[in-house]
Every structure is written in C-alpha cells, then in structure tokens.
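Student: Could you look at this predicted model? Sequence included:
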Amino acid sequence: MPGIEQRLENYDLIPLFGYDLIKHCSKRKGTLVAYPIEICIRLLENSLNEEGLFRIAP
C-alpha cells in the first residue's frame, strides 16, 4: 500500500464533474475528449461482441 499512497500523493488530480469542460480538456495532454466520455467509448469499443445493451448480438 505505501507504493499506491505515494503515487496518489504525487498525482495531479483533474476534477471530472462540476468543472469547466474546456479547462478539464486542456489539462489532459494529447486529447480534447473529457475523461468520462473517453472511458465510456473505450468500454463500448472493448465489449461490442458481447450480448447486452449497446452491443451486437452474436
């Protein structure tokens, strides 16, 4: 756990919600997409072959 605690202390946290979208995106290097949107897109891309909501049935 000390390793995780050290990483959290040194990590520059970027607010996700209730924060100006332009400021949020400007702090994320290399992308103009907000982090919550990026995570949703990745989840959809990685699970398109599974049955369920937002997925293709086999």
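Tutor: Nice, thanks for sending it over.

Student: alpha carbons only for contacts and neighbour counts from here, please
Tutor: OK.

Student: So, low pLDDT: which residues of this structure?
Tutor: 1, 7-13, 49-58 (pLDDT under 70).

Student: Could you point out the longest helix of it?
Tutor: Scanning the chain for the helix with the most residues, using DSSP state H, yields helix 35-46.

Student: Put the alpha carbons of that one into CSV.
Tutor: Taking C-alpha atoms only, helix 35-46 is exported to CSV below (Å, rounded to 0.1, in the frame of the first residue of the first chain):
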residue,chain,number,x,y,z
TYR,A,35,-12.1,11.6,-19.4
PRO,A,36,-15.6,10.2,-18.5
ILE,A,37,-16.5,10.3,-22.2
GLU,A,38,-13.3,8.6,-23.2
ILE,A,39,-13.9,5.8,-20.6
CYS,A,40,-17.4,5.2,-21.9
ILE,A,41,-16.2,5.0,-25.5
ARG,A,42,-13.4,2.5,-24.5
LEU,A,43,-15.9,0.3,-22.6
LEU,A,44,-18.2,0.3,-25.7
GLU,A,45,-15.3,-0.5,-28.1
ASN,A,46,-14.0,-3.3,-26.0
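
Student: now N46: how far from T31?
Tutor: As judged by CA to CA, to the nearest Å, N46 and T31 stand 19 Å apart.

Student: wait, I4
Tutor: Distance, I4 to T31, using CA to CA: 26 Å.
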